[in-house]
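Visitor: below is the structure, and that's it, no one-letter string:
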């Protein structure tokens with residue numbers, strides 16, 4: 001996504017975020033702060049999870065959308081609003097518009113997950129499916145705004161949006177006054193910028209760490225260049241932070257107030273999502289799990305107490321299934337092996353008995369008899385096993401070798 005918003009705008013200050021907090025009273029939930037014993041043990045200091053995945057519409061996006069739309073003039077409200085989004089921003093704009101009595105139109109990509117499309121419609125928006133990538137969807141929304149006079153609601157590149165997102169920072173300071181590090185996922189930078197404005201004004205000692213997916217990391221080259229730089233086509237499963245260019249408005253705030261920007265891999269995102277589900281009992285989308293991924297990748301580098309912001313929980317069930325599988329592979333919970341056996345009755349039963357001894361759960365078995373590399377009496381067996389982690393994987397492989405099997409990995 002390569003969003004651009006005309007400017008300039010006046011600098012954002014703490015009073016803007018405090019005003020947004022008053023405006024959101026009774027609208028946005030003050031979401032829970034949950035401790036994480038597992039992450040606390042890894043980091044060596046208290047770690048808390050700020051659960052914006054439990055916010056109305058399932059993400060923090062309602063905060064900024066409501067503040068932006070509430071600030072429109074009567075004439076602008078009468079013209080309606082329009083947005084482009086694959087999910088979270090769409091739902092935030094739809095609900096905010098419904099609460100404020102403003103007509104909303106949301107353009108979504110043709111391949112947007114059906115649950116997100118349905119939820120956006122249920123919140124009262126007119127949904128139009130257009131384009132196969134978000135850039136095409138964005139262009140359609142901007143053309144609609146030009147043709148109809150509807151106000152385009154940018155997902156991150158506007159002071160009102162940033163002020164609304166910054167209210168998360170105020171809540172963090174209220175719920176965890178002893179916090180020393182806040183870790184937040186970053187796409188265009190609106191959420192991190194808003195939190196930084198609020199937190200640095202009240203607690204300049206608190207360290208703020210932004211996290212981007214390695215395949216969509218537009219901030220590191222932009223910070224190095226001193227201005228927003230487009231990275232072309234970002235690639236990541238974390239669609240909530242899949243942005244190709246920083247916003248013009250949040251960029252300066254991130255540059256001046258965010259202490260560090262880190263990147264995480266797809267494997268680390270998958271492992272983090274799996275940890276949130278298994279250990280914290282929280283459904284979190286990949287973008288929302290990015291702060292946890294950063295903690296997992298280098299836990300000893302964070303000064304505690306730490307607050308990791310789980311920014312959203314709107315994950316498509318099919319993606320969840322794939323990501324969880326990927327996360328289990330990355331965590332060493334699955335093991336794929338190929339073995340050669342003598343093709344005779346009882347050979348497979350003997351192999352399964354050996355696996356039972358080391359407590360490996362067989363998920364799938366495949367047989368290959370037609371490879372010219374196989375002997376006349378040989379069969380190749382491919383196994384998909386569920387294991388208990390990397391050490392157990394090594395134990396299973398070693399046990400099979402000790403039993404005389406040729407393990408080919």
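Guide: Sure thing, it's come through. Since the model is a prediction, treat every value here as computed from it, not as a measurement.

Visitor: residue 47 contacts residue 303, doesn't it?
Guide: No: under the criterion of Cβ atoms under 8 Å, residue 47 is not in contact with residue 303, lying 11.4 Å apart. All C-beta atoms are positioned from the backbone trio N, CA, C, and that covers glycine.

Visitor: higher neighbour count, these two?
Guide: Of the pair residue 47 and residue 303, residue 47 is the one with more neighbours under other Cβ atoms under 10 Å, namely 27 against 13.

Visitor: quick one: contacts for that one?
Guide: Residue 47 sits next to 35-36, 39-40, 295, 304-308 when contact means Cβ atoms under 8 Å, 6 or more residues apart in numbering.

Visitor: repeat that with 6 Å
Guide: Residues in contact with residue 47 (Cβ atoms under 6 Å, 6 or more residues apart in numbering) are 36, 39-40, 306.

Visitor: for the stretch 301-409 of the chain, which spans come out with low pLDDT?
Guide: Within the stretch 301-409 of the chain, the stretches with pLDDT under 70 are 327, 369, 371-372, 374-377, 409.

Visitor: strands of that one, start to end?
Guide: Under the criterion DSSP state E, counting those that start in this stretch, strands of the stretch 301-409 of the chain are mapped to 306-310, 334-342, 361-368, 378-386, 406-407.

Visitor: got it, and the stretch 51-200 of the chain?
Guide: According to DSSP E, counting those that start in this stretch, the strands that the stretch 51-200 of the chain contains are 81-84, 104-108, 126-129, 151-152, 181-185.

Visitor: tell me which of those sits most buried.
Guide: Most buried of the strands of the stretch 51-200 of the chain by mean neighbour count (mean count of other Cβ atoms under 10 Å) is strand 81-84; its value is a mean of 29.

Visitor: which elements pack onto that one?
Guide: strand 104-108, helix 134-148 (3 or more Cβ pairs under 6 Å, 6 or more residues apart in numbering; DSSP states H and E).

Visitor: strand partners (parallel or antiparallel) of it?
Guide: strand 104-108 (parallel), strand 151-152 (parallel) (DSSP bridges).

Visitor: any chance of those strands in CSV with mean pLDDT as columns?
Guide: Shown next, in CSV, are those (pLDDT from 0 to 100):
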stretch, mean pLDDT
strand 104-108, 95
strand 151-152, 97
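
Visitor: with distance to residue 383 as added columns, please give those in CSV.
Guide: CSV is the format used below for the strands paired with strand 81-84 (distance: least, Cβ to Cβ, whole Å):
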stretch, distance to residue 383
strand 104-108, 42
strand 151-152, 54
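
Visitor: for these, which one sits closest to residue 280?
Guide: strand 104-108 (29.6 Å; Cβ to Cβ).

Visitor: what lies in contact with that closest one?
Guide: Contacts for strand 104-108 (Cβ under 6 Å, 6+ apart): 81-84, 90, 93-94, 97, 117, 120, 125-130, 137, 140-141.

Visitor: that strand versus helix 134-148: what angle between them?
Guide: Here the directions of strand 104-108 and helix 134-148 differ by 150 degrees (axes from the mean of the first three to the mean of the last three Cα atoms, to 10 degrees).
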